[in-house]
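Undergrad: Make a model of this:
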Amino acid sequence: MKKGDLLRNKQTGEFATIVSKPWTKLFRDSNDWNAMREGGGDYATAAIAIRISWIGRAYKKTYKLSDARRLFEVISESR
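TA: Numbers count the residues shown, from 1 in each chain. Now for the predicted structure:
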């Protein structure tokens, strides 16, 4: 998966395109935030991320690359 690829959501059939090059991003879930409130340190998990823009909607979302591979299939690869 790379910038410009056309994707299809495996569950909904909606189309999207990757609008960013992969980069490293810190992701936090609810457990990380709870631990930090209790006085813990930074519990973020670093992962490769991509930004996806949905076709036909003014909506963009950042996904972990591993999640995107699970949720989407590549319909057309960019050149």
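
Undergrad: ok, the top strand by length along the chain: who's next to it in the sheet?
TA: Longest strand of the chain, by residue count under DSSP state E: strand 45-54. Counting by DSSP bridges, the strands paired with strand 45-54 are strand 15-18 (antiparallel), strand 23-27 (antiparallel), strand 60-64 (antiparallel).

Undergrad: and the second one, which residues are buried?
TA: Translated: strand 23-27. Lys25 (16 or more other Cβ atoms under 10 Å). All C-beta spots, glycine's among them, are computed from the backbone N, C-alpha and C.

Undergrad: tell me the mean pLDDT for that strand?
TA: The average pLDDT for strand 23-27 rounds to 84.

Undergrad: CA atoms only: put that strand into PDB for me.
TA: Provided in PDB are the C-alpha atoms of strand 23-27 (Å, rounded to 0.1, in the frame of the first residue of the first chain):
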ATOM      1  CA  TRP A  23       5.100   7.600   8.300                       C
ATOM      2  CA  THR A  24       5.700   6.600  11.900                       C
ATOM      3  CA  LYS A  25       2.900   7.800  14.300                       C
ATOM      4  CA  LEU A  26       2.300   7.300  18.000                       C
ATOM      5  CA  PHE A  27      -1.100   5.600  18.700                       C
END
